[in-house]
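Visitor: Structure, please.
(one chain, ligands or ions: 1)
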Amino acid sequence: MQLAHRRILLGVSGGIAAYKSCELVRRLRDLGAEVRVVMTEGATHFVSPTTFQALSGESVRVSLWDEQAEMAMGHIELARWAERIIIAPASADLMARLAHGFANDLLTTLCLASPAPLYVAPAMNQQMWAHPAVQENVDILRRRGVHLLGPASGDQACGDIGSGRMLEPLELREALVASFGSAVLHGLKVVVSAGPTYEDIDPVRFIGNRSSGRMGFAVAEAAAQAGAEVTLVAGPVGLATPPGVVRRVDVRTAADMHAAVLAAAAKADIYVGAAAVGDYRPSVVASHKLKKHDGAGLILELAENPDILTSLSAQTVHPFLVGFAAETHDVASYAQDKLQRKGLDMIAANQVGDGLGFEAADNALHLYWAGGSVELPRASKTVLAHQLVAQVAQRYKAVRQ
Ligand code: C5P
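Guide: Predicted coordinates for the structure are as follows:
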């Protein structure tokens, strides 16, 4: 769904076109968006807040001074919640207040308090729209980066014909969909593994690794934002599930992860193995805490864990496979070797150690596939994840569609 889990704040100001915004709420929700509606006092004379409440499934806010609503979600929180603000219809009065930075009601206050891009769909009588006062305000808003949607020309509710009609709900929705960029993984099921695995030695000790899970979580979030239905298989990490991820499976050991990924991958189009899976596990897990024997060393016998990616690539039908290669040296040659050996479609290689990699917020990746490669220079894991997802989508389409 193109707007899956997108958080859209719809502002409704006082104009007869407010009835069309009811339809807009429906159409936004059809594409998976979460919609919260804020009305000006004037808007409530055209459509009842109850109507928007029923359509959005959320309580509707009108006043800045509603203590109950402020306790549930304060206006600053609401301003931060929104990924996009769209005001439809935007009256001449609302645009004047926006142009001059007023914060004399909840909606205008939210517009000042939110970093979200602002979309404004004017609707008014053609004579009002043509008035220099209105046009000057429109110019101010445009210069400030506000996106004007419409108005259209045609018959008006007042009987006039001319410019000032609000765009149709589907046209407004189209603009919002476009504002989020293309959903390059739309309709695809993606499984992402992330984090370390813990291999138990006894009830209190384990062998683990320093993976934070952040790269994999960022990939899961970016894939969800690109329209995929994402399952995240997570090792032991203290990270919140990213927005838009539809299913999270928490695992502890490499064997658990192997089972969980294989089950999820059976129906998936793409698997991104960003987890740092333990290569070995103790052959025997002691049922009691191992005792220290002074002066004597301890030898642990380790058994090899099955390789998840190799198991998947051995299947006749399997998802498009993306592996990671975290290496401390000779990154390129190890990565290309791993690409072939594990039967992958793409590998994302990165250098670890010297402050880079596992625990760092930044990373740099070099992607390889049969016959090509691309370098993604050092950036935050979030930015890299989006770039990686774009590359995966491109390669997936080249070889699978
Ligand atoms: O061989 P190495 O562990 O360096 O390869 C890393 C890549 O292989 C990662 O994508 C990791 O998720 C995957 N892997 C796996 N199963 C394992 C070990 C690693 O799928 N048992």
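Visitor: Residue 254 - how many residues pack around it?
Guide: 25 (other C-beta atoms under 10 Å). No exception for glycine: its C-beta is placed from N, CA and C like everyone else's.
Visitor: Now it. Nearest residue, chain neighbours left out?
Guide: The shortest distance from residue 254 to any non-neighbouring residue, by C-beta to C-beta, 6 or more residues apart in numbering, is to residue 305 (4.0 Å).
Visitor: Name all residues that make contact with that neighbour.
Guide: Going by C-beta atoms under 8 Å, 6 or more residues apart in numbering, residue 305 touches 197, 199, 254-255, 258, 277-281.
Visitor: ok, and of those, which contact the ligand?
Guide: 254, 277, 279 (C-beta under 6 Å from any ligand atom).
Visitor: Show me which residues of stretch 387-401 are buried.
Guide: Under the neighbour-count criterion of 16 or more other C-beta atoms under 10 Å, stretch 387-401 has 387-393, 395-396 buried.
Visitor: pLDDT (mean, whole number) over it?
Guide: In this model, stretch 387-401 has a mean pLDDT of 93.
Visitor: what's it in contact with?
Guide: 184-185, 188, 219, 222-223, 226, 269-270, 272, 320, 322, 345-346, 348, 365, 367, 369, 374, 376, 379.
Visitor: Tell me how far the lengthiest helix in the chain lies from the chain's centre.
Guide: When the chain is parsed with DSSP state H, its longest helix is helix 381-400. Helix 381-400 has its C-alpha centroid displaced from the chain centroid by 14 Å (C-alpha atoms, centre = their mean, to the nearest Å).
Visitor: If you drop the residues flanking it in sequence, what lies closest to the spatially most central residue of the chain?
Guide: Nearest to the mean C-alpha position of the chain, counting by C-alpha atoms, centre = their mean, stands residue 225 at 3.7 Å. In space, and not counting its chain neighbours, residue 225 is closest to residue 244: 6.2 Å by C-beta to C-beta, 6+ apart.
Visitor: what helix or strand is the spatially closest residue to residue 366 that is not a sequence neighbour on?
Guide: Spatial nearest neighbour of residue 366, excluding adjacent residues (C-beta to C-beta, 6+ apart): residue 349 at 4.7 Å. Element membership of residue 349, judged by DSSP states H and E, is strand 346-351.
Visitor: What is that strand packed up against?
Guide: Using 3 or more C-beta pairs under 8 Å, 6 or more residues apart in numbering; DSSP states H and E, the elements in contact with strand 346-351 are strand 320-327, helix 331-341, strand 362-369, helix 381-400.
Visitor: Partner strands of it and their direction?
Guide: Next to strand 346-351 in the sheet, as set by DSSP bridges, lie strand 320-327 (parallel), strand 362-369 (antiparallel).
Visitor: list the contacts for residue 137?
Guide: Residue 137 makes contact with 92, 95-96, 98-100, according to C-beta under 8 Å, 6+ apart.
Visitor: Which residues are in contact with the residue of the chain most remote from its centre?
Guide: Centroid-distance maximum for the chain: residue 295 at 54.0 Å, with C-alpha atoms, centre = their mean. Shown in contact with residue 295 (C-beta under 8 Å, 6+ apart): no residues.
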